[in-house]
Every structure is written in C-alpha cells, then in structure tokens.
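Novice: need a structure here:
(chains A and B)
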Amino acid sequence: MEWESVIGLEIHAQLATRSKIFSGSPTAYGAEPNTQACAVDLGLPGVLPVLNREAVRMAIAFGLAIDARIARRSIFARKNYFYPDLPKGYQISQYETPIVGRGCLTVVLDGGETRTIGITRAHLEEDAGKSLHEDFHGMTGIDLNRAGTPLLEIVSEPDMRSAREAVAYMKAVHQLVRYLGICDGNMQEGSFRCDANVSVRRKGAEKFGTRAEIKNINSFRFVERAINHEIGRQIELLEGGGAVIQETRLYDPDRDETRSMRAKEEANDYRYFPDPDLLPLIIDDAHVESVRAALPELPETKRERFMLQYGLPAYDAGVLSADRALADYYEAATRDVASEPKLVANWVMGDVLAYLNKEDRDIAACPVSPAQLAVMVRRIADKTISGTMAKKVFETMWNGGGDPDTIIDAQGLRQVSDTGAIDAVISQVIADNPRQVADYRAGKDKLIGFFVGQVMKRMEGKANPETVNALLKGRLANS
Amino acid sequence: MTALHDLTVAQLAAALNRGETSSVELTRAFLARIESRDREFNSFVTVTPERALAQAAAADARRRSGDAGPLTGIPYVHKDIFCTRGVLTSCGSKMLSNFIAPYDATVSERFNAAGLVMLGKANMDEFAMGSSNETSHFGPVRNPWDLTRVPGGSSGGTAAAVAARLAPFGTGTDTGGSIRQPSALCNLSGIKPTYGRVSRWGMIAYASSLDQGGPMCRTAEDAALALNVMCGFDVRDSTSVERADEDFTRNLGNDLGNLRVGLPAEYFGPGLDAGVAAAIRAAARVLEELGAKITEISLPNTHLSIPAYYVVAPAECSSNLSRMDGVRYGHRCERPKDLLDLYCRSRGEGFGPEVQRRIMIGTYALSAGYYDAFYLKAQKIRRLIADDFVRAFQEVDVIIGPTAPTTAFRLGEKTSDPVTMYLSDIYTIAVNLAGLPGMSIPAGRADGLPIGMQLIGGYFTENLLLNVAHQYQQATTWHLQAPPHAG
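Specialist: Modelled structure (predicted):
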C-alpha cells in the first residue's frame, strides 16, 4: 500500500522594521541582553501598545505579492499564556481577522516543474523574548531584546506532498520576503523560521490523516530532514497497527529525530479575545494602492524577463533572479556590455558566486564592481584576453586590483594573435618533438592537445588558443 | 477668614495669583493636616513631603517669573494607580507593594508640566476592584462623614482625603463607578470623562475598555479646572481620542433655560433607598426652577449592565493582570521550587481575594467553549446599552438619577457578600459600558450622610455636565458642607 504525505507550513518572518511592533525600541540583533527593551517590552504596569505603521506596510506588501485580499479592517487579539519570556502574559497577535487573507505562491521544483501552494492567511504579531538555559547554574536567564519584534506569520494550506516540495515552498517564501525587503531572512539569527504540520494518508484517500506539528525548524536542511523523519515515523506507526496522535513535536537535529513536546489535551487554552488597548486596524484603498505602486519586480516576473530580454536559459535566469541584489548586479554589468548577456551570466554564476561562497560574503560586499566585471567581459569578447587570462584578471580585481585594463597591461596578459610570433614558436615545438610529430602524422590526432599545450606554455599562456590551434593543424599537416 | 484647607481649587488659585499665599505655604498646610489627621482615615498609601515641597518651591519660582498656568502651585492627591517616577505605585496591592515606577503616567506628566504639587498617593481598592476601599492591601479607608463607614471605592482614598480637606482635590479612575460612587458617598464633585479623553498611559489597567481617569473635587468649577489639565490626546494611548483641547470652564455660567433633563424610570426601582430617591427628586425640582424641563425616560436594558460588566471587566482584568507573575517586578514568593510554583505562590500571595475572584471569573468567561456565551454576549449587551442612551439623548440633553442606591454603608457590612457589593454600582456601570461621560455631585443628606446625584451626558458633553452641575451648585449649598471629621 502506498502512502502520501500532506504538509502545511507556518512560517514566522521577522519584519525588518527599525523599531518594534508596539514600542519604539530598536530591533537590531545581537545587543547585550535586555538593552533593547523599554517599559512596553518589559510589560510594566500601565504601559500600552502603539502599532508600528511600517510593520503594517510590510504585511500589505507581502499580501499583494501573493495576490491575497488585504483586510480593510483587521483585529489584534490577545493570546494568553504564562511563560517567563512573554512579559505581559499574553502575545498580541491576530486571530479571527488577519490582515492578509487567502493568496498563493508558485514554486519551481528542482526538476523545473511548478506547483502552486495556497497561503491561507498571514497575520501580524509580536515575537517573545528568549529564555537562556545555559550559564545560569540551574536557573534560566531571560533576554527581552527580541520581545516585541514584529512577526509576519504566514500559514500555508496543506498543499505540499513531500519534504522536497515543502523546502521549495519555504525557499520561495524566503526569496519573496527578501525581495520585498521586509525580512532579512537570516535563519541562524531566527529571523525566518518555521513550524511544519505533517500527516500521512493512503494514496487516493480523501480524508487527511491526524497531523503532528513540528516546532521551530530553522534551516532548509532541517525542514527536509525533520519532515522526512516525521513521515517515516508516522508510516511506521500506522503500518504497525498504531495510530498517530495530534501533538506538538520538537525536531532534534543532533539525533535527527522528532520527539513529543505536548499532546492535544495538554495544549493551552489561549483565551483569545480582541485586545482592548488597540482599536481595529483600518486600511483604506489609497494606502493599499500606494504600497502596490512601490512593490519591486517579483522573482517570478524577473526570471521570465531575464529569459526574454537577455536570452538566458531558464536555469541561468533562475539562479540570477534568486536574489534581488544578485539580479541587480547582473543587470548593472550587462548594461555596460550589452552584447554579451550570456557571457556576463557565466561569469556571475561562475567566478563571482564561487568567490562569494568561498569567502562567505554577500553580493553587496563583492569587491569586483559590475562595471569592472563588464570591462573584463568586453576584453574577453574582443579577444584582448583569453578566458584563462581573464581568471587571473578576476582574481587580481577580487584582491583589490581595480581596473581590468590596467591589470591586463601591468601583468602583460594581453593575448598574442600575431601569426608570425606564434609560427616561430610552433617551429621550435615541432623541431623539439620529432617523435610526437611522427606519431601525430601517423594518425594520433589526440596529440594536438599536447602541441597546443607546448606552444601555450612557451608563450606563457598569452597566445590566442584558436589561432594556435589553426596554425598548428596547418603546420603538422604539411609534411 | 476661611482656613486655607477649606478653600476650593479656584479660590486657592486666585489667592496664589494675588500673592496672598504661596505654594510652599499651601503645601506645608496640607502636609501638616495629612500628618495629624490621616491616621483616622488611612487615605494615603504614600506621602511625599520632600518631593511636594520641592515642586511647590519650583511652582512659586514659576509664578514669580510670570510663567504660571491656572493651577500652578495647587497641591493634589494622586490615586495610587497612576505611575509616578521614583515613587511607590502600589495600586493598593501587596503584589506591587515594592514597585517604584520607572516612568510617569501621562496624567502625572501633565500635572508636573502644569506645575501642580503632588502631596502623595491615595489608598484605593486593590487594582481598582471594589466599591468600598476594603480590598486594599494597605487597609480600609474611613469615611470622614462617619468613621464607621466606607468612603466608597475604588477611589476611596482620594475621596476621603479631599472630603477631609487633606488635599484640595485629587485624581480617581472609574471603571464601573469608581470616581462617581465614592464622590457620592463623600460629598464630592467627581467626573468620569468620555472614554478616550484622558490618557490611560501609565494608569495601571483594570479593564482597559472601561477604565477612565478623572478628577474628584469639591465643586464642579474645580472639576472643570482639573479636567483642563488632565484631558488631551496622547499618541502613547491608541484609544485616546484625537480632539482639539477644550476649556471646560467656558460654559459654566450658561443658564439652564431650554435644558431637557431625563429621569430614567429604571433608576428609581426596588433597591433604591427612599431617602436617596427623595433627595434626587428634590434636586430635579431645583433644576426645574433653574429653567430645565424634566421628563421621565426609559433605559430598558439597564438591568443587563451588571451582568455584562461582570463578564467584560473580569475578562479584561484576567489578561491585564497576567504580567504580575513574579518574574520581573512585584511580589515574588520565597524559594520557588519550579516555574509553576513561582507563578502560583507569587500570584496567590500577591493578590487579595477579590482580585483572585475576578481573575478566575474572567479566565472562565474567556475559556474555549464559553467565550461566545459570555464574552461575546456581554459585548452585544454593551451595544444594546449604548443604543439605549443614544435613543434617550434624542429626547433629552442630560440624564439625572442617583449615583448609588444608598448612602455610605458600614465597614464590613457587604464584604462577605460580593454580589450585594456589586449592586453599589448599579447606576454607574452602564455609563462605562457605553463609554459616556458621567458625573456625581452632592445633592442632599440622609441621616446626615451625603447623597450623590449622577449626571450623564452624550459623548464629549463634559462641558454641558459641568455647566449643569455648576448651576445647581450656584443654587444649593450641599457641596460646601464639610464632614464632621474635617475640623
């Protein structure tokens, strides 16, 4: 009997506002504990929340990007539970009326197929603080710097059927929020994290199986592993005659397993009710339209435009549009050398990304500017330098070398296409290698590579390889 | 000459303006009275003499430099629910008996900016939950009209202090009658403004959708002057109403010709003390003589106000008081054995029985499966009650009636029966549920004890209420009479 898994994700994206959702404290990550928490964040008696306008704008931008309806009236509610890092004893969230209604997102899988994943809703809420269990000798430290950081909780439909699809969806949301500039997407710092609802059913069955919720998964790799582990656990349980119980489970990446946190019966009754400190959030059409007008080009559109405008293959367009800053880099370089969009793409996807990866840098911190890359590509195209030489030029630029033309001249990397000079070297190579010449002429065609290599070596790589190839073939053919 | 402590705020301000006294002199006089007399009343939780004298000296300097506002240099007593930077803000609770607020409430800030002098913090029912000031961790307050009786609540400390002439006026907060009912029981003029008029920033929340601060004074004119300082839009309170500032003294002198006054039949039913009823009908006749036209009206959903209130207010308080968890501030139990124990014992020890009762009622009302039947239904009733008033205000300009069903009751008389205690607020609660302005002014005596008349107006009609109250006070002397224990 075949099983089918059903997966839905709840993604928490920290919004990149400067101040918190209900107070004026800064949201920057990494400050000394409790230095970014004001009276409101501490939940002192008498304090009141005031909604951050920028957080609302960001939520609207997300809603528009997934074609969702933006609620003209939404309500903030209190979710009541006790926990030491929840200073007020309740979290301000949205419950029955979220700001972003139903939308969808198209996801491209590894094989190039697409899936449309439904997004049930997205709502604004505040993050809690952090409980620090190390370093306090059996006690717990509380850091409230994170308390009150704005979150957009993005809830998907149970539309995914494999861990691979779930990861593709999570990546698409990650890409989208970064494109919109509403979340920095930093998963190590917890800016982007997710809970997964997983169930399995017999293939063809209509009813969903009982689901388990896996909490707080903070990397793409862990999402895939946690879901696959959970699917395996549930199938094993069902095939052994057992039943899945509705519960919350925690993924342990060290052991690669999920374990039970609490069962449904132990779940909190959150006693949601509208927060009387905040009036209903009313958004008018003009505001929605002003946010829409300021939306950037979205990844899907950009990918298609890259294929059309630059004639790039789908793969290249996908890689280059994956990140908004990378796409901007590519386009800036291409503007300067408009005749070579594919060659620029090769260099951006090749050496640029490789160097960035090696040094774990962001495209924003790339030491080679798009203009410098463009000049270098133009020199390849006009045959001033070979591709091999270009790699040296690039390396020099990366290490602070500056203008490619200056580097080419200073290091004498200019390619030699002068047939006379090349011919002279070929004569020497033929004279020095009589046995290989004889073998070649006897039919060992593959030896051409050996001769090219010898010529290039003697010319320190500066000869135009095409010219060398053509001249060699002519000389070796004349016996 | 009248003693300084017998003068009204308006009279004291005039004396300061004429240079007949100084703020320091006034402040010393009131501090001396508090020192010698408050043992009888227990109306203060904290007295702040040094701070007060420094503020008074600063006020006098301001006046000399020509920079004084209308109330610069006037002393007042501040209900211990308003946060005051550097001063204990206990809210009448053991839970906050160690809480020195690190910030000022907006109302405190406004009073500081206007140059008023805070004498200290007033006793109150714990977290403003009570109608007799008997739930305070700092002990009950006694009524200056009869020391065996309660001053009302929850702003009972302010009421007793102002009635006993320990302060010229004070602040209160009103969630279900906590300004008006103690004003009635202590012969004061107290006003609860329209919801959203006075900022709630720094005013420790009991029930956020009902809480509203206001002044408690001896005359309507004083209430208008104090309200001028207290009211104003505040960006830190999202429920604050953005309106141009008003001068609440501007209509005090208007005559009452053409005024349409409604007497709701439902406010004169069973449970109302006969002496109180007679006094209110007599007060209505005074208004009639002043030119008002009295008509009987109906507020048919009045009987639903207490049940609705005792769902909404506890529901909100159960959530508002969750932050008092023993983790960051406030009372923490000794040697907690784990987190649950820390919560249970800190809260069990820190909160008194009435607060615990309301937290439990509210938690129950919000629980899954009960929410629709209780909280949602109560919200619908609020709408019905507000609609009653909207209809009534198509026929009349002001509604009058008793503020409380009886005069001050004896200490301990109702403590064993919470429901009887809740009925003390039967006439005041609907006003909070609807968010309307309401006022209580002195309107007679029964067995020597003060009777309060309630005035209710449409939204943002504080000016009209103060006008009616002032005109009534021009024709009567109830408000001028001092209690026997204020000598």
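Novice: Low-confidence bits of the chain, can you list those?
Specialist: Went with chain A since none was named. Chain A contains residues with pLDDT under 70 at A:1, A:265, A:478-479.
Novice: other chain: chain B
Specialist: The model of chain B has pLDDT under 70 over residues B:1.
Novice: What residues does chain A have near chain B?
Specialist: For chain A, the residues in contact with chain B (C-beta under 8 Å from any C-beta of the partner chain) are A:39, A:42-51, A:78, A:80, A:82, A:84, A:87-90, A:142, A:269, A:271-273, A:276-279. Placement of C-beta: from N, CA and C, glycine included.
Novice: Show me the residues you listed that map onto helices.
Specialist: Among the residues of chain A next to chain B, the members found in helices (DSSP state H) are A:39, A:42.
Novice: Of the residues of chain A next to chain B, just the buried ones, PyMOL syntax please.
Specialist: Selection of buried members from these for PyMOL, criterion 16 or more other C-beta atoms under 10 Å in any protein chain shown:
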select buried, chain A and resi 39+42+43+44+45+46+47+48+49+50+51+78+80+82+84+87+88+89+90+142+271+272+273+276+277+278
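Novice: who's in contact with stretch A:259-276?
Specialist: Contacts to stretch A:259-276, defined as C-beta atoms under 8 Å, 6 or more residues apart in numbering or on different chains, come from residues A:49, A:75-81, A:92, A:95-96, A:215, A:245-250, A:252, B:207-209, B:239, B:315-316, B:318-319, B:363, B:366-368, B:371, B:375.
Novice: Can you show me the helices along the stretch 351-479 of chain A?
Specialist: According to DSSP state H, counting those that start in this stretch, the stretch 351-479 of chain A carries its helices in the segments A:353-359, A:370-381, A:387-396, A:404-410, A:419-432, A:434-441, A:448-458, A:465-477.
Novice: And the stretch 51-200 of chain B, by the same measure?
Specialist: B:106-113, B:156-163, B:180-186.
Novice: which strands and helices sit next to the last one?
Specialist: In this case it means helix B:180-186. Secondary-structure packing of helix B:180-186 (3 or more C-beta pairs under 8 Å, 6 or more residues apart in numbering or on different chains; DSSP states H and E): helix B:156-163, strand B:170-174, strand B:189-192, strand B:438-446, strand B:449-457.
Novice: Just the endpoints, please. Distance across stretch B:67-75?
Specialist: 18 Å (C-alpha to C-alpha, to the nearest Å).
Novice: how distant is that stretch from the center of its chain?
Specialist: 22 Å (C-alpha atoms, centre = their mean, to the nearest Å).
Novice: So for it, what gets flagged as buried?
Specialist: B:68-75.
Novice: What residue spans form the domains of chain A?
Specialist: Listed domain ranges for chain A are A:3-290, A:297-410, A:419-477 (source: automatic domain parsing).
Novice: Next, format those as a markdown table and append distance to B:S154.
Specialist: Output for those, formatted as a markdown table (distance: least, C-beta to C-beta, whole Å):
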| stretch | distance to B:S154 |
| --- | --- |
| domain A:3-290 | 15 |
| domain A:297-410 | 56 |
| domain A:419-477 | 90 |
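Novice: mind checking which of these is nearest B:E35?
Specialist: Across those, B:E35 has its closest neighbour in domain A:3-290 (28.8 Å, C-beta to C-beta).
Novice: coming back round to it: which among the domains of chain A is found nearest to B:R285?
Specialist: Using C-beta to C-beta, the domains of chain A put domain A:3-290 closest to B:R285, at 40.7 Å.
Novice: just to revisit the earlier point, filter the contacts of stretch A:259-276 down to the buried ones.
Specialist: Buried members of those, scored by 16+ other C-beta under 10 Å, are A:49, A:75-80, A:92, A:95, A:215, A:247-250, B:207-209, B:239, B:315-316, B:318-319, B:363, B:366, B:371, B:375.
Novice: So which of the residues you listed are in helices?
Specialist: Using DSSP H, the buried ones among the contacts of stretch A:259-276 in helices are B:315-316, B:318-319, B:363, B:366.
Novice: With mean neighbour count and distance to A:A477 as new columns, can the helices and strands packed on helix B:180-186 be given to me in JSON lines?
Specialist: Formatted as JSON lines, the helices and strands packed on helix B:180-186 follow (neighbours: other C-beta atoms under 10 Å in any protein chain shown; distance: least, C-beta to C-beta, whole Å):
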{"stretch": "helix B:156-163", "mean neighbour count": "36", "distance to A:A477": "113"}
{"stretch": "strand B:170-174", "mean neighbour count": "31", "distance to A:A477": "105"}
{"stretch": "strand B:189-192", "mean neighbour count": "32", "distance to A:A477": "108"}
{"stretch": "strand B:438-446", "mean neighbour count": "26", "distance to A:A477": "111"}
{"stretch": "strand B:449-457", "mean neighbour count": "27", "distance to A:A477": "111"}
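Novice: could I get the helices of the stretch 51-200 of chain B as TSV with distance to B:Q356?
Specialist: Shown next, in TSV, are the helices of the stretch 51-200 of chain B (distance: least, C-beta to C-beta, whole Å):
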stretch	distance to B:Q356
helix B:106-113	28
helix B:156-163	20
helix B:180-186	23
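Novice: List just the one of the ones you listed that sits closest to B:N123.
Specialist: Between B:N123 and the helices of the stretch 51-200 of chain B, the shortest gap by C-beta to C-beta is with helix B:156-163, which sits at 3.1 Å.
Novice: so how far is that closest one from its chain's centroid?
Specialist: Counting by C-alpha atoms, centre = their mean, helix B:156-163 comes out at 10 Å from the chain centroid.
Novice: Find the closest residue to chain A in the stretch 201-350 of chain B.
Specialist: Of all residues in the stretch 201-350 of chain B, the one sitting closest to chain A is B:S322 (2.4 Å; C-beta to the nearest C-beta).
Novice: tally of neighbours for that residue?
Specialist: By the criterion of other C-beta atoms under 10 Å in any protein chain shown, B:S322 has 23 neighbours.
Novice: repeat for A:Y29
Specialist: 15.
Novice: From chain B, how far off is the residue nearest to it when sequence neighbours are not counted?
Specialist: Leaving aside its chain neighbours, A:Y29 sits nearest to A:E189 (5.0 Å; criterion: C-beta to C-beta, 6 or more residues apart in numbering or on different chains). Separation of A:E189 from chain B (C-beta to the nearest C-beta, to the nearest Å): 25 Å.
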